[in-house]
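**Q** coords please:
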Amino acid sequence: MIPIKLPREEKERIIESLISYYQLERSEELGSIGAEQIVDFMLREIAPYVYNRAIHDARQVVLEKSASLEEELYALERKV
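**A** Residues are numbered from 1 along each chain as shown. Next up, the predicted model:
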């Protein structure tokens, strides 16, 4: 599987957020290297599950919209 990569700016925001979370919620110091390692781990190990769930959810929306569209097309038919 192709690893999920984030633009550097997004990754830096996540790292800052993770450092802040550790400080506020756990009262622990987390350095930027440690935070980046956690983010890399999450991208490698957890992100594929989240990605697959998003694909599943998108597929469901497309199927629902397709069924709705099919119903609307049948409603447009004229009696002969």
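
**Q** Mind splitting this structure into its structural domains?
**A** What automatic domain parsing lists as the domains of the chain is 7-45, 47-80.

**Q** Which of these comes out lowest on mean pLDDT?
**A** Note on the domains of the chain: domain 47-80 shows the lowest mean pLDDT, a mean of 92.

**Q** Pull the residues that contact stretch 15-26.
**A** Here stretch 15-26 makes contact (Cβ atoms under 8 Å, 6 or more residues apart in numbering) with Glu28, Glu29, Leu30, Gly31, Ser32, Ala35, Glu36, Ile38, Val39. The C-beta positions use only the backbone N, C-alpha and C, and glycine is treated the same way.

**Q** With Val61 as the reference, measure out to the fourth one.
**A** Which is Gly31. As judged by Cβ to Cβ, to the nearest Å, Gly31 and Val61 stand 41 Å apart.

**Q** what about Gln37, neighbour count?
**A** 13 (other Cβ atoms under 10 Å).

**Q** So which bits of the helix or strand hosting it are buried?
**A** Here Gln37 sits within helix 32-45, counting by DSSP states H and E. For helix 32-45, a neighbour-count test (16 or more other Cβ atoms under 10 Å) marks Ala35, Glu36, Ile38, Val39, Leu43 as buried.

**Q** I'd like the residues you listed laid out as a markdown table, including distance to Arg53.
**A** Below are the buried residues of helix 32-45 laid out as a markdown table (distance: Cβ to Cβ, whole Å):
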| residue | distance to Arg53 |
| --- | --- |
| Ala35 | 24 |
| Glu36 | 25 |
| Ile38 | 21 |
| Val39 | 19 |
| Leu43 | 15 |
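
**Q** Relative to Lys11, which of those is nearest.
**A** Within those, the smallest distance to Lys11 is 6.3 Å, found for Val39 (Cβ to Cβ).

**Q** which residue sits closest to that closest one in space, ignoring its chain neighbours?
**A** Once flanking residues are discounted, Val39 sits nearest to Ile14: 5.4 Å by Cβ to Cβ, 6 or more residues apart in numbering.

**Q** okay, the angle between the helix or strand Glu9 falls within and helix 32-45?
**A** Take DSSP H and E as the rule and Glu9 turns out to sit in helix 8-26. Relative orientation of helix 8-26 with respect to helix 32-45: 110 degrees, computed using axes from the mean of the first three to the mean of the last three Cα atoms, to 10 degrees.
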